[in-house]
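**Q** here are the coordinates; sequence isn't available:
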């Protein structure tokens with residue numbers, strides 16, 4: 001069952017690859033949208049304290065200086081199953097990929113390959129929860145909420161940085 005998110009604060013996160021939109025709760029980052037996806041809502045005038053830290057960490061990532069993030073996350077906007085998938089995705093090392101099938105087995109639900117794919121697509125915090133590292137069993141990229149051009153870009157960036 002999904003939990004309703006508490007009050008949200010929105011921030012534009014400038015990076016060298018474009019301006020992301022981030023939504024924060026008092027607990028941490030709740031959503032990150034790629035440049036020009038136009039998905040975010042719930043704007044406020046307050047600049048969240050974590051916005052500057054997120055911008056610095058994303059810029060380090062895009063400069064090949066960082067593979068892990070330590071911005072607190074708020075994953076309340078997901079089902080128990082989705083959060084379990086997202087926690088396992090977060091364990092995939094930079095520069096590596098895992099298949100949807102392997103991820104399903106990892107969470108103890110080997111028959112739930114399609115549900116794992118749906119959870120990847122519902123990931124509210126791409127890059128930090130690296131759904132771009134999940135591919136089809138045959139090595140094909142599969143889908144990506146930010147578009148396949150972003151998935152290719154992120155995977156190429158990580159292979160160079162690791």
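**A** In hand now; what should we look at? These figures come from a predicted structure and were not determined experimentally.

**Q** ok, which stretches of the protein are helices?
**A** Taking DSSP state H as the test, the helices found in the chain are 50-62, 80-89, 100-106, 113-121, 148-161.

**Q** Show me where the chain dips below the pLDDT cut-off.
**A** Across the chain, the ranges flagged by pLDDT under 70 are 1-6, 36-47, 160-162.

**Q** what residue is smack in the middle of it?
**A** By C-alpha atoms, centre = their mean, the mean C-alpha position of the chain lies nearest to residue 126, the distance being 1.7 Å.

**Q** Please report how far that residue lies from residue 110.
**A** 25 Å (C-beta to C-beta, to the nearest Å). C-beta coordinates here come from the backbone N, C-alpha and C atoms, glycine included.

**Q** Next: residue 61.
**A** 32 Å.

**Q** who has more neighbours, the two?
**A** Higher neighbour count among residue 61 and residue 110: residue 61, with 22 against 12, using other C-beta atoms under 10 Å.

**Q** returning to what we had before: can you put the helices of the chain in a markdown table and add distance to residue 137?
**A** Converted to a markdown table, the helices of the chain look like this (distance: least, C-beta to C-beta, whole Å):
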| stretch | distance to residue 137 |
| --- | --- |
| helix 50-62 | 27 |
| helix 80-89 | 16 |
| helix 100-106 | 5 |
| helix 113-121 | 8 |
| helix 148-161 | 16 |
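
**Q** Which one, of those helices, ends up nearest to residue 8?
**A** Residue 8 lies closest to helix 50-62 among the helices of the chain, at 12.6 Å (C-beta to C-beta).

**Q** Tell me who's in contact with residue 60.
**A** Neighbouring residues of residue 60 by C-beta atoms under 8 Å, 6 or more residues apart in numbering: residue 66.

**Q** Give me the distance between stretch 95-113 and the centre of its chain.
**A** Mean-position distance between stretch 95-113 and its chain equals 17 Å (C-alpha atoms, centre = their mean, to the nearest Å).

**Q** One more: stretch 87-94?
**A** 10 Å.

**Q** Identify the residues contacting that stretch?
**A** Applying C-beta under 8 Å, 6+ apart, the contact partners of stretch 87-94 are 67-68, 98, 103, 106-107, 120, 123, 128-131, 133-134, 158, 161-162.

**Q** So which of those residues belong to strands?
**A** 98, 134 (DSSP state E).

**Q** just the buried members of the contacts of stretch 87-94?
**A** For those, a burial check counting by 16 or more other C-beta atoms under 10 Å picks out 98, 103, 106-107, 120, 123, 128-131, 133-134, 158.
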